[in-house]
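Enquirer: Show me how the following folds:
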Amino acid sequence: MIGISISLYDKFDDLGVLLDIIRHNWEDEYYVSVCSNHPDAPTKIEPFEDEIDHFEQGAQIEYDPSMEDPRGEQNLYYRIYDTIRRAARAAISADGVEYVFHLHTDAWPLSESSLKSLVAETAGRDAAVAFPAKTHSFLKHYPPGSFGDQYILFDAAKATEVDLFEREPLDFPPTLIHQILPILCLAKFGWGELSHYTNSSNRQHWDGKPSTEIRNSFRPMFYDPTFDYLHVATEDFRGDLGKSLQAQYLARYEIRHGEHVERLRSEYELPEDVLSERLDAWLDDLDDRLKWYGASVDTFGRDIRIVRSFLDADSRLEQLKLLAQHKTTGSHAQEALVSVYAWLRSLVADDTSEEPYPVGYNVFPDRTLHDHYHSLLHPEDFPADMREAVDRNFGDE
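Expert: Sure thing, here's the model as predicted:
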């Protein structure tokens, strides 16, 4: 049997559709394990109890989008890893489960046969883990590398043998979730048992624009026609456009059964040409607002979150920083923007903590890594049973 592990925070509507795909539109039986760290998750999950084999509430780690980084970012990554760990670990240990496919709740596999083909390919390679990753991103972050935390397949027996998810969140210093998973897999299995089954270059946006031309291939959406994957961050889109996109792909794959699928399609499905026109108009409106700054949506790699941050920035300095970080022009233009930003910042900012240092300069000459991590973490952000680990692993002594 194949297990499906699903992690989420509050996208319970998406969870309903994903469960309908698995339970009411696919032929085989699947073991479904779900973890959410929403404070009201036990209540919100009640409508789906008959569709879920195992549910577990995740750790209550404080995070909200208004939290300043690095505090917000690191708390978010700890929270994500906690939900992945709990959902996957339960599925891996379930009786009769041979492989576990991990998903976020807004990541939908649209084809049962494609999933079975991935399982067969992974078994044929005798791999313990099959993972998606951009080749350049993995190499840029190696060691340990970086790969996706959704659409990842685990051999349950191999994962059980090495206790793959033995390590709890605070066993790791603050880091990216996409690097925690390679740390685990490389240390537990070695490279020979890892299968890089796709470099993600097949991914595209609704209009066919390829992933290789998009800075963040996960946002605001992607569709992979090779593996029949769909990810739509509906919150990135204007109005109901994201939900209409979800409905469009369900229609293409003739996914029609289940209460939540039926509701999504009946309320949001549009003719493809109408939806395409509305999506184009939305991007055109954003481009019109950005053109006064010499920018466009493509300047930011279509990452709508960055576009909104740019348009909502309180100062030109903040906008220039975003341009310097995200502009997709050539390297010389990028370097010029970074230099201009650093110069302007030196004139107007009191805080110089972000100033670049000469190569080889010891930025923290009197600080150990324990000191550094202790300064970053806030024990009150973690539930009581995790605060001891904060003090033990990252305390002054």
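Enquirer: what's the nearest residue to residue 270 once chain neighbours are set aside sitting at in phi/psi?
Expert: Of all residues not flanking residue 270 in the chain, residue 244 sits nearest, at 5.1 Å (CB to CB, 6 or more residues apart in numbering). Just so you know, the C-beta spots here come from the backbone N, C-alpha and C atoms, and that holds for glycine as well. Residue 244 has phi and psi values of phi -70, psi -40 when expressed as degrees, to the nearest 10.
Enquirer: just the strands in the stretch 51-200 of the chain please.
Expert: 54-57, 99-104, 107-109, 129-132, 152-155, 194-198 (DSSP state E, counting those that start in this stretch).
Enquirer: Present the ones you listed as CSV; the columns should include mean pLDDT and distance to residue 209.
Expert: Shown next, in CSV, are those (pLDDT from 0 to 100; distance: least, CB to CB, whole Å):
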stretch, mean pLDDT, distance to residue 209
strand 54-57, 96, 37
strand 99-104, 98, 22
strand 107-109, 97, 19
strand 129-132, 96, 19
strand 152-155, 98, 25
strand 194-198, 96, 18
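Enquirer: would you list these in CSV and tack on distance to residue 45 and mean neighbour count?
Expert: Output for the strands of the stretch 51-200 of the chain, formatted as CSV (distance: least, CB to CB, whole Å; neighbours: other CB atoms under 10 Å):
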stretch, distance to residue 45, mean neighbour count
strand 54-57, 5, 18
strand 99-104, 16, 24
strand 107-109, 18, 22
strand 129-132, 27, 23
strand 152-155, 23, 24
strand 194-198, 31, 19
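Enquirer: from memory residue 78 sits against residue 168, does it?
Expert: No. Applying CB atoms under 8 Å, one finds residue 78 not in contact with residue 168, separated by 9.7 Å.
Enquirer: Compare these two and say which is more crowded by neighbours.
Expert: Using other CB atoms under 10 Å as the criterion, residue 78 and residue 168 rank with residue 78 on top: 24 against 15.
Enquirer: where does the protein have its least confident helix or strand?
Expert: Least confident element among the helices and strands of the chain, by mean pLDDT, DSSP states H and E: helix 331-348 (a mean of 47).
Enquirer: helices and strands around the strand or helix carrying residue 373, which ones?
Expert: Using DSSP states H and E, residue 373 sits within helix 369-376. Other elements packing on helix 369-376 under the criterion 3 or more CB pairs under 8 Å, 6 or more residues apart in numbering; DSSP states H and E are helix 384-394.
Enquirer: mind listing what's buried in the helix it packs on?
Expert: Neighbour-count burial for helix 384-394 flags 386, 389-390, 393-394 (criterion: 16 or more other CB atoms under 10 Å).
Enquirer: Can you check the pLDDT for the nearest residue to residue 232 once chain neighbours are set aside?
Expert: Sequence neighbours aside, residue 221 is the residue nearest to residue 232 in space, at 4.3 Å (criterion: CB to CB, 6+ apart). pLDDT recorded at residue 221 is 93.
Enquirer: Can you give me the buried ones in the lengthiest helix in the chain?
Expert: Counting by DSSP state H, the longest helix found in the chain is helix 71-92. By neighbour count with 16+ other CB under 10 Å, helix 71-92 contains the buried residues 71-72, 74-92.
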